[in-house]
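Q: Quick one: sequence plus predicted model below, questions after.
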Amino acid sequence: MEPFIPIIVALVGVIIAWKVLKGLVKTIALVAILAVAAIFVFGV
């Protein structure tokens, strides 16, 4: 169950960023959210 929590948080962050942000800021936010989630889950 542990790895699912950051994935769920990342999905919620992506959904919020997708609805609220626009353009380049949206792209940077989405990449940052996914990068943080990957580092947290895989421990890279």
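A: Right, received. Where do you want to start? Residues are numbered from 1 along each chain as shown.
Q: element containing Ile5, please.
A: Under the criterion of DSSP states H and E, Ile5 resides in helix 4-20.
Q: Give the buried residues for that helix.
A: Buried residues in helix 4-20, counting neighbours by 16 or more other CB atoms under 10 Å, are found at 10, 13-14, 17. C-beta: built from backbone N, CA, C; applies to glycine.
Q: Format those as JSON lines; extra columns: pLDDT and distance to Leu34.
A: Converted to JSON lines, the buried residues of helix 4-20 look like this (pLDDT from 0 to 100; distance: CB to CB, whole Å):
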{"residue": "Ala10", "pLDDT": "88", "distance to Leu34": "6"}
{"residue": "Gly13", "pLDDT": "90", "distance to Leu34": "9"}
{"residue": "Val14", "pLDDT": "91", "distance to Leu34": "7"}
{"residue": "Ala17", "pLDDT": "91", "distance to Leu34": "10"}
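Q: Give me the spatial nearest neighbour of the spatially most central residue of the chain, chain neighbours excluded.
A: The residue lying closest to the centre of the chain (CA atoms, centre = their mean) is Ile33, at 2.8 Å. Closest residue in space to Ile33, ignoring its immediate chain neighbours: Gly13 at 4.5 Å, by CB to CB, 6 or more residues apart in numbering.
Q: distance of that neighbour from Ala29?
A: With distances taken as CB to CB, to the nearest Å, Gly13 is found 8 Å from Ala29.
Q: Tell me which helix or strand Ala38 sits in.
A: With elements delineated by DSSP H and E, Ala38 resides in helix 23-42, which encompasses its position.
Q: Against which helices or strands is that helix packed?
A: Using 3 or more CB pairs under 8 Å, 6 or more residues apart in numbering; DSSP states H and E as the contact test, the elements touching helix 23-42 are helix 4-20.
Q: Can you pull the poorly scored residue ranges out of the protein?
A: Filtered on pLDDT under 70, the chain yields the residue ranges 1, 3.
Q: re earlier: output the helix holding Ala38 as CSV - backbone C-alpha positions only.
A: In CSV, the C-alpha atoms belonging to helix 23-42 read as follows (Å, rounded to 0.1, in the frame of the first residue of the first chain):
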residue,chain,number,x,y,z
GLY,A,23,1.0,26.9,-21.2
LEU,A,24,4.6,26.4,-20.3
VAL,A,25,3.9,26.7,-16.6
LYS,A,26,1.5,23.7,-16.9
THR,A,27,4.2,21.7,-18.6
ILE,A,28,6.8,22.5,-16.0
ALA,A,29,4.4,21.7,-13.2
LEU,A,30,3.4,18.4,-14.7
VAL,A,31,7.0,17.3,-15.2
ALA,A,32,8.0,18.4,-11.7
ILE,A,33,5.1,16.5,-10.1
LEU,A,34,5.9,13.3,-12.0
ALA,A,35,9.6,13.6,-11.3
VAL,A,36,9.0,14.0,-7.6
ALA,A,37,6.6,11.1,-7.5
ALA,A,38,9.1,8.9,-9.4
ILE,A,39,12.0,9.8,-7.0
PHE,A,40,9.8,9.1,-4.0
VAL,A,41,8.5,5.8,-5.3
PHE,A,42,11.6,4.4,-6.9
